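Asker: Task: produce atomic coordinates for the following.
(chains A, B, C and D)
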4 protein chains.
Amino acid sequence: MAIFGTEQKPVPQTNGISLDEAMRVISAARKKAEEIGVMQNIAVVDAGGNLAAFAHMDGAWIGSIDIAKNKAYTARAFDMTTEALGAISQPGEMCYGIHASNDLKVIIFGGGIPLVRNGTVFGAIGVSGGTVPQDIEVAEAGLAAFDNAS
Amino acid sequence: MAIFGTEQKPVPQTNGISLDEAMRVISAARKKAEEIGVMQNIAVVDAGGNLAAFAHMDGAWIGSIDIAKNKAYTARAFDMTTEALGAISQPGEMCYGIHASNDLKVIIFGGGIPLVRNGTVFGAIGVSGGTVPQDIEVAEAGLAAFDNAS
Amino acid sequence: MAIFGTEQKPVPQTNGISLDEAMRVISAARKKAEEIGVMQNIAVVDAGGNLAAFAHMDGAWIGSIDIAKNKAYTARAFDMTTEALGAISQPGEMCYGIHASNDLKVIIFGGGIPLVRNGTVFGAIGVSGGTVPQDIEVAEAGLAAFDNAS
Amino acid sequence: MAIFGTEQKPVPQTNGISLDEAMRVISAARKKAEEIGVMQNIAVVDAGGNLAAFAHMDGAWIGSIDIAKNKAYTARAFDMTTEALGAISQPGEMCYGIHASNDLKVIIFGGGIPLVRNGTVFGAIGVSGGTVPQDIEVAEAGLAAFDNAS
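Answerer: Model (predicted):
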C-alpha cells in the first residue's frame, strides 16, 4: 500500500524528548510518588506539546488524568512552571483569565515543569493526584532524572 | 490539609488493569512494532475507559496520538474490537453514525482490542501509526502479553 | 465546475483590512519584537473578526498562538483593547465572567488592539509571547504601521 | 519580572520550519493563487503541528480559514497529503471515520501537503479557497519554494 506504507514515511525524528527519555522521567516520578505514598497521574509531552508518555498509578484520581496531561502541555506551551504561570494569573494579575484559553488546556497551579537541558526545552512533565506541593515534588523528581541524563 | 490529604483517600484500587500490567502490554506492543519497523502510538485504558498508560514511539504520527487513545477507549466502551465495530458502522449498516457520538472518541477501524482474561474485560489497548493491519498486529501482541500473564 | 468555479464567485472584497496591510502590520510588529528581544506570536483579524494573517516567531511560546489570535478577535469583537476589557472584567467588576463566553475566545489582558483609521475599525492585532507590557508595546508598533499608511 | 522575563526564556528554537521559511512558502503559494485567479487561505504548521504562519487573501472564503489550517495540521499529523488520506478514508475503506477524530481537525480532501526535506518533515502547508485541484496546485507551489531552498 504505497501511499500508506512505512517505506514512504520520513526518517523517524524525535520532536524534542525521546520515548526512552520520557519513560525514564515517568519512572523517576513514579518512584518518588511511591516513596511519599501518593497515587499520581504522570504525563510527559514533547517539544511540540504533544503527549509522549503517560502513566496512571493504581488508584489515582481519574479526574487528574486530564489535569496531568494539561499541566505538561501548559508547562511546554509557556516554557515555565504551571506554578509560576499561576502566580501571574490570579484575579487582578497580569494574565488573569488565561485558564479559560487554549481549548481549556491551561492549568494555573503547580505540578507542570518544563524539561530543559542546556537552555533548550525538550518537553515538559505534568503530575496530578496529590496536593499541589506533592505534585510539584513528584514532577521535580521527574525533571531531575531528565537533567541527570545530560 | 485534612480534606485533601492522602490519609483520607480510599485504599488504592485498580480499576481493572494495573499500571504494571499496562506497562507490560505497552512494552510487548512496542517490541512488536520495532520488529515490523513501524512507529506506533500505543495506549491502554482501564476497565473504566480511562487512560492507564501511553507511549508515543519516536517519529510516530502525532495525529495518531488521539486515535490510539480513542481506539482503546472504543474497544472498552463497547467491549469489542474497533474492527468489529467498524464493520457494523459503515453507511447503510446498523450503527452508521456512531463515529460522531461519545464526544467524538469512537473509532471505527481496526487497532483497538479489549483486554480480556477469564471472560472479564480489564481494559483495552489501542494502537495507531501504521496501516490498519499493522495496528491490529501490534495491538494483538499487546493483548498476548496480557493473556500470558494470567 | 459551474457551481464551484471562480467565475461565479463575487468580486473580491476586503472585509476591512487587506492582506497587504495585514502583512505590513505584522512586519512592523515583528521588527519591534526583534528590537526588544522578545519572541512573539502576532495575529491580525479583519473587520469580521476572522484571521487575516499570522506569524509565529522562532522559539515563541506555542501556547501563545491561540492567545494572540484570540486577543485580535477580542479587540475587534468589542472594539476596544483587551487591556481595557480586562479592567472591567475582574471579579466584582461589570463584565466579570466574559472570558468564558464566545467559545472561550475572549482574552482579558493586554496585547489586543483594534486597527482604526478615520474612526472606522478595519480589524485588530493581537500579540502574545512576552510580558503583557511587552505584548502591548509590540501590538502598538503594528497599529502605528497601519495608521501611518492612511 | 524574573519569572516571566525574556532573560529566563530558553534559547529560541525552531520546531521544524522557521518563520522566514514559512513566509517564503506562503509567498510562493500566494503568487500561484494570483496567477490562476483564485482567492485562497494559506496556512503553514511546524513540525509540532502548531500554526507557524497564515495568510487570508482578499475576498477568500472565511469558511476556508479553518479548513486551510486543518489541512496543514492533518498533513503533518499523518505525514501524508490530505488527498492520500482521503483516498483511504472513504466509506468502506481502511480509515473511514477518521474525519471525526482529533477534535475535528482532520481534513480528508486535497490541499494539505507535508513540507519534507531530505526525508525529514519540517511542517506542512494547507490551502483552501478554490476547487480541490486548485488548492492542491497552490499548495504544491508552496512546497516547491520549500524544496528549492534546501
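Asker: in chain A, what residue is nearest chain C?
Answerer: residue A:77 (2.5 Å; C-beta to the nearest C-beta). Any C-beta I mention is one placed from the backbone N, CA and C, and that applies to glycine too.
Asker: residues in contact with that residue?
Answerer: A:49, A:102, A:105-106, C:61-64 (C-beta atoms under 8 Å, 6 or more residues apart in numbering or on different chains).
Asker: For the strand ranked longest in chain A, what is the distance to the chain centroid?
Answerer: The longest strand of chain A (DSSP state E) is strand A:120-128. Averaging C-alpha positions (C-alpha atoms, centre = their mean, to the nearest Å) puts strand A:120-128 4 Å from its chain's average.
Asker: Please apply the same query to stretch A:84-96.
Answerer: That offset, for stretch A:84-96, works out to 20 Å (C-alpha atoms, centre = their mean).
Asker: now do stretch A:133-150
Answerer: Per C-alpha atoms, centre = their mean, the centroid offset for stretch A:133-150 relative to its chain is 11 Å.
Asker: likewise stretch A:119-128?
Answerer: With C-alpha atoms, centre = their mean, you get 5 Å for stretch A:119-128.
Asker: Kindly report the same for stretch A:32-49.
Answerer: 7 Å.
Asker: could you give the mean pLDDT of it?
Answerer: Stretch A:32-49 carries an average pLDDT of 97.
Asker: likewise stretch A:110-125?
Answerer: What stretch A:110-125 shows for mean pLDDT is 94.
Asker: Which member of the contacts of residue A:77 is positioned nearest chain D?
Answerer: Nearest to chain D among these, with distances taken as C-beta to the nearest C-beta, is residue C:62, at 4.8 Å.
Asker: ok, the closest one touching residue A:50?
Answerer: No - judged on C-beta atoms under 8 Å, residue C:62 makes no contact with residue A:50 at a distance of 10.3 Å.
Asker: who touches both of the two?
Answerer: Common contacts of residue C:62 and residue A:50 (C-beta under 8 Å, 6+ apart): residue D:48.
Asker: quick one: which of those two has more around it?
Answerer: Using other C-beta atoms under 10 Å in any protein chain shown as the criterion, residue C:62 and residue A:50 rank with residue C:62 on top: 26 against 23.
Asker: Please enumerate the strands of chain A.
Answerer: Going by DSSP E, chain A shows strands at A:41-46, A:51-56, A:112-117, A:120-128.
Asker: Contact residues of chain A facing chain C?
Answerer: A:48-49, A:73-74, A:76-79, A:91-92, A:94-98, A:100-104, A:106 (C-beta under 8 Å from any C-beta of the partner chain).
Asker: if we go to 6 Å?
Answerer: Neighbours of chain C within chain A, by C-beta under 6 Å from any C-beta of the partner chain: A:49, A:77-79, A:91-92, A:94-95, A:97, A:100-102.
Asker: With distance to residue D:131 as added columns, please give the residues you listed in TSV.
Answerer: As requested, the residues of chain A next to chain C are exported to TSV (distance: C-beta to C-beta, whole Å):
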residue	distance to residue D:131
A:49	34
A:77	36
A:78	40
A:79	41
A:91	50
A:92	52
A:94	47
A:95	43
A:97	41
A:100	38
A:101	35
A:102	34
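Asker: Just the buried residues out of these, in PyMOL syntax.
Answerer: To isolate the buried subset of the residues of chain A next to chain C in PyMOL, counting by 16 or more other C-beta atoms under 10 Å in any protein chain shown, use the following:
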select buried, chain A and resi 49+77+78+79+94+95+97+100+101+102
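Asker: which two in the residues of chain A next to chain C are spaced the farthest apart?
Answerer: Greatest spatial distance among these (C-beta to C-beta): A:49 and A:92, at 28.5 Å.
Asker: Narrow the residues of chain A next to chain C to those in helices?
Answerer: Of those, the ones assigned to helices by DSSP state H are residue A:77.
Asker: Of the residues of chain A next to chain C, just say which sits nearest to chain B.
Answerer: Checking the residues of chain A next to chain C against chain B by C-beta to the nearest C-beta gives residue A:49 as the nearest, at 9.6 Å.
Asker: In chain A, where is pLDDT below threshold?
Answerer: Low-confidence segments of chain A (pLDDT under 70): A:1-14, A:148-150.
Asker: hmm, 80 instead?
Answerer: Residue ranges of chain A with pLDDT under 80: A:1-14, A:147-150.
Asker: closest point of chain A to chain D, which residue?
Answerer: residue A:48 (2.2 Å).
Asker: From residue B:140, how far off is the nearest residue in space to that residue that is not next to it in sequence?
Answerer: Nearest non-adjacent residue to residue A:48, counting by C-beta to C-beta, 6 or more residues apart in numbering or on different chains: residue D:48, 2.2 Å away. Distance, residue D:48 to residue B:140, using C-beta to C-beta, to the nearest Å: 31 Å.
Asker: More neighbours: which of the two?
Answerer: residue D:48 (21 against 18).
Asker: can you give me the end-to-end distance of stretch A:87-95?
Answerer: The first residue of stretch A:87-95 is 9 Å away from its last residue (C-alpha to C-alpha, to the nearest Å).
Asker: er, stretch A:93-109 I mean
Answerer: Terminal residues of stretch A:93-109 lie 14 Å apart, using C-alpha to C-alpha.
Asker: again, but for stretch A:85-101
Answerer: End-to-end distance for stretch A:85-101: 13 Å, by C-alpha to C-alpha.
Asker: Skip the chain neighbours and tell me the closest residue to the residue of chain A closest to chain C.
Answerer: Using C-beta to C-beta, 6+ apart and skipping residues adjacent in sequence, the residue nearest residue A:77 is residue C:63, 2.5 Å away.
Asker: who touches that neighbour in this structure?
Answerer: By C-beta atoms under 6 Å, 6 or more residues apart in numbering or on different chains, the residues touching residue C:63 are A:77-78, A:102.
Asker: out of these, who's nearest residue B:39?
Answerer: Nearest to residue B:39 among these: residue A:77, at 24.4 Å, using C-beta to C-beta.
Asker: wait, doesn't residue A:124 sit right on residue A:44?
Answerer: No - the pair residue A:124 / residue A:44 is not scored as a contact, 7.2 Å apart, by C-beta atoms under 6 Å.
Asker: Pick out whichever of the two has more residues nearby.
Answerer: Neighbour count, other C-beta under 10 Å: between residue A:124 and residue A:44, residue A:124 has more, with 35 against 32.
Asker: so what's the more buried one up against?
Answerer: A:45, A:72, A:75-76, A:114-115.
Asker: out of these, who has the most neighbours?
Answerer: residue A:72 (36 neighbours).
Asker: any idea how far residue B:123 is from it?
Answerer: To residue B:123, residue A:72 is 22 Å away according to C-beta to C-beta.
Asker: do you know how far residue A:37 is from residue A:129?
Answerer: Separation of residue A:37 from residue A:129 (C-beta to C-beta) stands at 11 Å.
Asker: Just want to know which of those two has more residues nearby.
Answerer: residue A:129 (27 against 12).
Asker: What is the burial count for the nearest residue to the more buried one once chain neighbours are set aside?
Answerer: Leaving aside its sequence neighbours, residue A:129 sits nearest to residue A:40 (C-beta to C-beta, 6+ apart; 3.8 Å). Using other C-beta under 10 Å, residue A:40 has 27 neighbouring residues.
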